[in-house]
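*Asks:* Here's my sequence, what's the structure:
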Amino acid sequence: MDVIAMLGWLLEHDVNALLRVDAEREGVRPWTFHASGGPQGGRWAVRADAHSAEECLQRARKALRTHGLDLPE
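*Replies:* Numbers count the residues shown, from 1 in each chain. As a prediction, this is how the structure comes out:
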């Protein structure tokens, strides 16, 4: 699942999410994924920081699973 499909899936499941790259970190884990909310008004937040977009999304998927959100491949 690419990032656009992933964000679309999260939107369909009432999850607020974003993927950000921060050049000011000077190469130190510049990619950040953040998500919060979820079905039935969930009150949780997930953050994943990584060196690459791919690594960041892998970490995000793992963290989202802990909140019952098992994204399709």
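*Asks:* Let me know the pLDDT of the residue located most distally from the centre of the chain.
*Replies:* Taking Cα atoms, centre = their mean as the measure, the residue most remote from the mean C-alpha position of the chain is E26, 21.3 Å away. The model reports E26 with a pLDDT of 78.
*Asks:* Distance-wise, check it relative to Q58.
*Replies:* Plainly put, E26 is 23 Å away from Q58 if you go by Cβ to Cβ, to the nearest Å. C-beta: built from backbone N, CA, C; applies to glycine.
*Asks:* Surely C56 is in contact with L19?
*Replies:* Yes - if you go by Cβ atoms under 8 Å, C56 and L19 touch, sitting 7.0 Å apart.
*Asks:* With neighbour numbers in mind, choose between the two.
*Replies:* C56 (22 against 18; other Cβ atoms under 10 Å).
*Asks:* which residues touch R59?
*Replies:* With contact taken as Cβ atoms under 8 Å, 6 or more residues apart in numbering, R59 is in contact with 33, 48-50.
*Asks:* Distance of it relative to L19?
*Replies:* R59 is 12 Å from L19, by Cβ to Cβ.
*Asks:* Now do the shared contacts for the two.
*Replies:* Going by Cβ under 8 Å, 6+ apart, residues that sit against R59 and also against L19 are F33.
*Asks:* could you pull out the helices for the chain?
*Replies:* Remark: helices assigned in the chain by DSSP state H are 3-12, 53-65.
*Asks:* so R20 sits right up against W31, yeah?
*Replies:* Yes - between R20 and W31 there is a contact at 7.3 Å, judged by Cβ under 8 Å.
*Asks:* higher neighbour count, those two?
*Replies:* Remark: of R20 and W31, W31 carries more neighbours, 21 against 11, as counted by other Cβ under 10 Å.
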